[in-house]
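Colleague: Okay, predicted coordinates and the sequence, questions at the end:
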Amino acid sequence: MRVLRYLIGTLSCLCLIVMLLVASIELGCFIDREFYMQEYDQLKVADTLLISRDDLARVTDVMLDYLEDKRDDLNVVVTMNGTQREFFNERELSHMDDVKALNLNTRSLGFLLIFPVCLGFAIIAIISARTGKSPLKTTLKTIGISLIMSTIVFAVLVGAGAYIVSGDFDTYWRMFHRLVFDNELWLLDPSTDMLINLVPLEFFIDLVIRCALIFGIVLGLLMIIAIALIAGGRNKKAVAAIVLALALAGNAFPQTTYADDALVTSPEIDSDAAIVIERNTGTVLYAKNPTKSEYPASTTKVMTALLALENLKLSDEITFSKTAVLSLPSGASHIGMKVGEVLSVEQCMYGLLLPSANEVANALAEAVSGSMEDFVALMNERAGELGCVNTNFANPSGLHDNLHYTCARDLATIFMACLSAPNFITIDSTVTYVIPETNLVDETRPMKTTHLMLRSDSEFYNPEVICGKTGHTDEAGACLITYASHGDLELVVVTMNGAKNAQYTDTQALLDYCFSTFTYGSSDIINAYLFDETDTNALAEFSAVSQSYLYKAENASFLVPYDLDACDIEVSYDESNTPSQVTLSYNGLNLATLPLVKNPELNATNPGLDIGDASVMHNVEHDYTPYYIAGIVIAAIVLAIVLLFLTSEHRRRTRHYHRRSSKKLR
């Protein structure tokens, strides 16, 4: 019975380990989408695909949502090399169908393995109960020893498999794909299929290492559980020490380290999505899940305000209808308007943007389009005109609707359009306002802005903040749009889906970061380094040569980090015999795209040089040291666990032997 107990335990624990492996892969692939953007930046994927970083983020969101079965299609239009096209071709769509099926089947396998694990443990408990003495202790000890035995078996199997595969990796790699996909769709062509350039081999290796480290940490925790089960509550100090060691090892993961360290470090924020855009240049200075779908709550009202200012005069009068006033759900924000009451458009704008009155949003919608339904159609049409990529409005106020969503990037785009609308900043920057008596109400209506960074009596007050809009529902969390100015920089900050007050602390952190990090640079500085007229040999690595003339960037301003040396800026050109523009970037951040003009004063000393010789300033190098350290630490901990178990077992047997010997002597 004992052999049967351990056999069932080992098989059950092997199922448990496979289940945890599946969970580790899920965590590694889907839990942190910022990891993908970091890898793209490091591997210059945007440059390879000739695509913007924002489009790259959008493609990633669509792809991962599709693989997780959160959406049914992979339809995503991007601009590549100046041309709009569908990112995925027919072959890639078919391949992604196979990958999605593999992912969902693997996930289902993980769930199904719960049953044999539970069944095996139940059988062990039944067998232990029939042995008579201490069935609970026997069950726990059996499971603990089985966990260690199954881990050893799993490690041996994986090691043997790795050894065999390493002998002829390509053959086994192809065999794996043919077994899993049952077709040749995975044989993608880099010249026509963008997917293979989106996830190059180096990216895939990093992703595998990431998942392996998660799995290693999980196995370490599993060993702790095994020791605790075997010890039955003894050796608590040793177990606590191992827990602490694993926690320290976990801190080494899952950070990605690059060969070229950033000169500046962006802040960690709590909000689920955020973006910071410099208004004058359109440069994105910070982004976290910028195209991820989020509920906007009352930040929706900036679109309502934009359409009202574009289609109505401030002096126009609006009569509040029954639908506008009485259609609000309980608890919705309002200013107590009555059916038949009349306000000017200007008064409505203050009521819309300061206290965020929902009935005012409804009334403005009806004034612009005749009905809220038609106004919603106009909202979505205008969003498309502005270039929004992931937005669908369902009402003019932002009250929750599952089909009412946007993303941080789109919300910033809409708000920047608002900033250019006449009178918007004047109204939205007002802290307090009083609506006078109306045709139906003989009392004034005083109101304050809900944006606490504008109010001097608030702990979140910031004198650099000019205007903005708040939003909150249970489903949307805390959302905030903020426009602030410091020196020459004008920033639009959007945070979405944060906890209470996180919208203010996150916004302040992002403002502090951007205002203290970025300043304006001039292409004259770049030309002085990259296009040094006294050293034509140095130009060979950075300059484009055509028709025996070097090109240089026309004078323009763009944002760069403070104290940034020109040699830290990465340069790329459009690939043609007559290059027309140069793109400057820093650590994956697109600083500017500047036009190139001929420099007739400088003749090329190397007429054989062509655009193909131009290169960026930093080569991509991976530093796997943290991975090696984490792996060594985890391996050492697992070894320590095994040694602790063997030592504990040896001491137990020694004590048992001495007790038996003393009884015989008596």
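Modeller: Perfect, thanks for sending it. Note that the structure is predicted; figures quoted are calculated from it, not measured.

Colleague: Low-confidence ranges, the stretch 201-350 of the chain, go.
Modeller: For the stretch 201-350 of the chain, the stretches with pLDDT under 70 are 229, 231-265.

Colleague: any idea of the mean pLDDT in stretch 462-479?
Modeller: Taken as a whole, stretch 462-479 has a mean pLDDT of 95.

Colleague: List the buried residues for that stretch?
Modeller: Neighbour-count burial for stretch 462-479, counted by 16 or more other C-beta atoms under 10 Å, picks out 462, 464-473, 476-479. Every residue, glycine included, has its C-beta placed from N, CA and C.

Colleague: list the buried ones in stretch 28-44?
Modeller: Buried residues in stretch 28-44, counting neighbours by 16+ other C-beta under 10 Å, are found at 28-29, 33, 35-44.

Colleague: Pick out whichever of these sits closest to Ser356.
Modeller: Set against Ser356, the nearest of the buried residues of stretch 28-44 by C-beta to C-beta is Arg33 (30.5 Å).

Colleague: Let's verify Ile318: helix, strand, or coil?
Modeller: Recorded secondary structure, Ile318: strand (DSSP: H, G, I helix; E, B strand; the rest coil).

Colleague: correct me, but it touches Ser344?
Modeller: Yes - taking C-beta atoms under 8 Å as the definition, Ile318 is a contact partner of Ser344 at 7.4 Å.

Colleague: neighbour count winner among these two?
Modeller: Comparing Ile318 with Ser344 by other C-beta atoms under 10 Å, the one with more neighbours is Ile318, at 22 against 16.

Colleague: The more buried one and Ala365: what is the separation?
Modeller: 10 Å (C-beta to C-beta, to the nearest Å).

Colleague: So which elements touch the helix or strand hosting Ile124?
Modeller: In this assignment (DSSP states H and E), Ile124 forms part of helix 114-131. In terms of contacts (3 or more C-beta pairs under 8 Å, 6 or more residues apart in numbering; DSSP states H and E), helix 114-131 is packed against helix 2-30, helix 135-167.

Colleague: Output the contacting helices and strands for the helix or strand harbouring Met303.
Modeller: Met303 belongs to helix 301-311 when assigned by DSSP H and E. In terms of contacts (3+ C-beta pairs under 8 Å, 6+ apart), helix 301-311 is packed against helix 345-353, helix 358-369, helix 372-386, helix 408-420, helix 424-428, strand 465-473.

Colleague: Same list, the ones you listed, but as JSON lines with distance to Phe204 please.
Modeller: Shown next, in JSON lines, are the helices and strands packed on helix 301-311 (distance: least, C-beta to C-beta, whole Å):
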{"stretch": "helix 345-353", "distance to Phe204": "48"}
{"stretch": "helix 358-369", "distance to Phe204": "48"}
{"stretch": "helix 372-386", "distance to Phe204": "36"}
{"stretch": "helix 408-420", "distance to Phe204": "27"}
{"stretch": "helix 424-428", "distance to Phe204": "47"}
{"stretch": "strand 465-473", "distance to Phe204": "39"}
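
Colleague: In three-state terms, label the nearest residue to Val276 once chain neighbours are set aside for me.
Modeller: Distance criterion C-beta to C-beta, 6 or more residues apart in numbering; nearest residue to Val276, sequence neighbours excluded, is Tyr286 at 4.1 Å. Following three-state DSSP, we place Tyr286 in the strand state.

Colleague: Report the separation between Tyr286 and Cys29.
Modeller: The gap separating Tyr286 from Cys29 is 24 Å, by C-beta to C-beta.

Colleague: Gly471 too?
Modeller: Gly471 sits at a distance of 31 Å from Cys29 (criterion: C-beta to C-beta).

Colleague: again, but for Thr142
Modeller: On the measure of C-beta to C-beta, Thr142 and Cys29 end up 34 Å apart.

Colleague: Next: His451.
Modeller: From His451 across to Cys29, the span is 38 Å (C-beta to C-beta).

Colleague: go on, Leu14?
Modeller: Between Leu14 and Cys29 the computed distance is 23 Å (C-beta to C-beta).

Colleague: likewise Gly477?
Modeller: Distance from Gly477 to Cys29, counting by C-beta to C-beta: 25 Å.

Colleague: Can you get me the start-to-end distance on stretch 299-319?
Modeller: End-to-end distance of stretch 299-319 (C-alpha to C-alpha, to the nearest Å): 24 Å.

Colleague: Check which residues of that stretch are buried.
Modeller: Applying a neighbour-count criterion of 16+ other C-beta under 10 Å, the buried positions in stretch 299-319 are 299-309, 312, 318.

Colleague: what's the closest of those residues to Val494?
Modeller: Of all the buried residues of stretch 299-319, Val494 sits closest to Thr299, with 7.9 Å by C-beta to C-beta.

Colleague: For the closest residue to that closest one other than its chain neighbours, list each beta-bridge partner.
Modeller: Closest residue in space to Thr299, ignoring its immediate chain neighbours: Gly471 at 3.8 Å, by C-beta to C-beta, 6+ apart. Beta-bridge partners of Gly471, counted by DSSP bridges, are Cys479.

Colleague: do you know how far Gly471 is from Phe415?
Modeller: In this view, Gly471 and Phe415 are 12 Å apart by C-beta to C-beta.

Colleague: With adjacent residues omitted, what lies nearest to Ile123?
Modeller: Closest to Ile123 by C-beta to C-beta, 6+ apart is Ile8, at 5.4 Å.

Colleague: Tell me which stretches of the stretch 151-300 of the chain form helices.
Modeller: In the stretch 151-300 of the chain, the segments counted as helices under DSSP state H, counting those that start in this stretch are 169-181, 195-198, 201-231, 236-250.

Colleague: Could you give the average pLDDT over the second one?
Modeller: Rounded to a whole number, the mean pLDDT of helix 195-198 is 75.

Colleague: just checking, what packs against it?
Modeller: Packing partners of helix 195-198 (3+ C-beta pairs under 8 Å, 6+ apart): helix 45-49, helix 53-67, helix 90-112.

Colleague: Determine which stretch of those is the most buried.
Modeller: Mean neighbour count, computed with mean count of other C-beta atoms under 10 Å, is highest for helix 53-67 among the helices and strands packed on helix 195-198, reaching a mean of 21.

Colleague: which residues touch that helix?
Modeller: For helix 53-67, the external contacting residues (C-beta atoms under 8 Å, 6 or more residues apart in numbering) are 29-30, 33, 36-37, 40-41, 45-46, 49, 51, 71-76, 78-80, 87, 96, 99-100, 103, 198, 284, 287, 289-292, 389-390, 409, 588, 590.

Colleague: what do you get if the cut-off is 7 Å, keeping everything else the same?
Modeller: Applying C-beta atoms under 7 Å, 6 or more residues apart in numbering, the external contacts of helix 53-67 come out as 30, 33, 36-37, 40, 45-46, 71, 74, 76, 78-79, 87, 96, 99-100, 103, 284, 290-292, 389, 409, 588, 590.

Colleague: Pull the most distant pair out of the buried residues of stretch 462-479.
Modeller: Within these, Glu464 and Thr473 form the most distant pair, 28.1 Å apart (C-beta to C-beta).

Colleague: Please report the distance of the spatially closest residue to Leu21 that is not a sequence neighbour from Ala23.
Modeller: Closest residue to Leu21 in three dimensions, ignoring its sequence neighbours and counting by C-beta to C-beta, 6+ apart: Phe215, at 5.6 Å. For Phe215, the distance to Ala23 equals 9 Å [C-beta to C-beta].

Colleague: Mind checking which of the two has more residues around it?
Modeller: Between Phe215 and Ala23, counted using other C-beta under 10 Å, the more crowded position is Phe215 (20 against 15).

Colleague: burial count for Pro116?
Modeller: Pro116: 16 surrounding residues under other C-beta under 10 Å.

Colleague: can you pull the contacts of the closest residue to it other than its chain neighbours?
Modeller: Take Pro116 and drop its neighbours on the chain: the residue closest to it by C-beta to C-beta, 6+ apart is Cys15, 4.8 Å away. For Cys15, the contacting residues are 113, 116-117, by C-beta under 7 Å, 6+ apart.
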